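J.: for reference, the sequence and a predicted model appear below.
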Amino acid sequence: MTTPVGFAMDYDGSLLLAAGSDRADWALNLRAHASCRATIGDRVAAYEAAEVDDGELGRAVVQLILKYGTPAERLGHGPVFRLAPVHGA
């Protein structure tokens, strides 16, 4: 299944994603199966997802707002994930 999702690239090459709801299908899928692939342009890469802690949540949402502008009303009200690249995959 493919789902377009807004993201911000962090300094270490990981991707930050924020769901607007705990019931977002893609967020439920990442909670159930942390291994995933992401396509950015023509590049497909493997990632391992982990929910961020409360200390990192605000910073992730700010990065998304800086990238996309005024946030969706519910941005960050659901889980926020860091997708770390899986090297050699």
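T.: The structure has been received and is ready for your questions. Residues are numbered from 1 along each chain as shown.
J.: any idea which residue is closest to the centre of this protein?
T.: Leu17 (2.1 Å; C-alpha atoms, centre = their mean).
J.: distance of it relative to Arg43?
T.: Leu17 sits 17 Å away from Arg43, going by C-beta to C-beta, to the nearest Å. From N, CA and C alone the C-beta is placed, and that goes for glycine too.
J.: can you check Ile65 too?
T.: Taking C-beta to C-beta, one finds Ile65 at 25 Å from Arg43.
J.: one more: Lys67?
T.: Distance of Lys67 to Arg43, computed by C-beta to C-beta: 18 Å.
J.: what's the answer for Tyr68, then?
T.: Tyr68 is 20 Å from Arg43, where distance means C-beta to C-beta.
J.: which one's more surrounded, the two?
T.: Remark: of Tyr68 and Arg43, Tyr68 carries more neighbours, 13 against 7, as counted by other C-beta atoms under 10 Å.
J.: excluding its backbone neighbours, what's nearest the more buried one?
T.: Gly6 (5.8 Å; C-beta to C-beta, 6 or more residues apart in numbering).
J.: which parts of the chain are helices?
T.: For the chain, the helices defined by DSSP state H occupy 25-32, 54-68.
J.: comparing these, which yields the minimum mean pLDDT?
T.: Ranked by mean pLDDT, those end with helix 54-68 in last place, scoring a mean of 83.
J.: mind listing what's buried in it?
T.: Using 16 or more other C-beta atoms under 10 Å as the test for burial, helix 54-68 gives Leu57, Ala60, Val61, Gln63, Leu64, Ile65.
J.: cool, stretch 28-39 as well?
T.: For stretch 28-39, using 16+ other C-beta under 10 Å, the buried residues are Leu30, Cys36, Ala38.
J.: out of the residues you listed, which one sits closest to Gly78?
T.: Closest approach to Gly78 among those (C-beta to C-beta): Leu30, at 11.0 Å.
J.: any idea which of the buried residues of helix 54-68 is closest to Met1?
T.: For these, the nearest to Met1 is Leu64 (22.2 Å; C-beta to C-beta).
J.: that closest one contacts Ala8, doesn't it?
T.: Yes - between Leu64 and Ala8 there is a contact at 5.1 Å, judged by C-beta atoms under 8 Å.
J.: many thanks, we can stop here.
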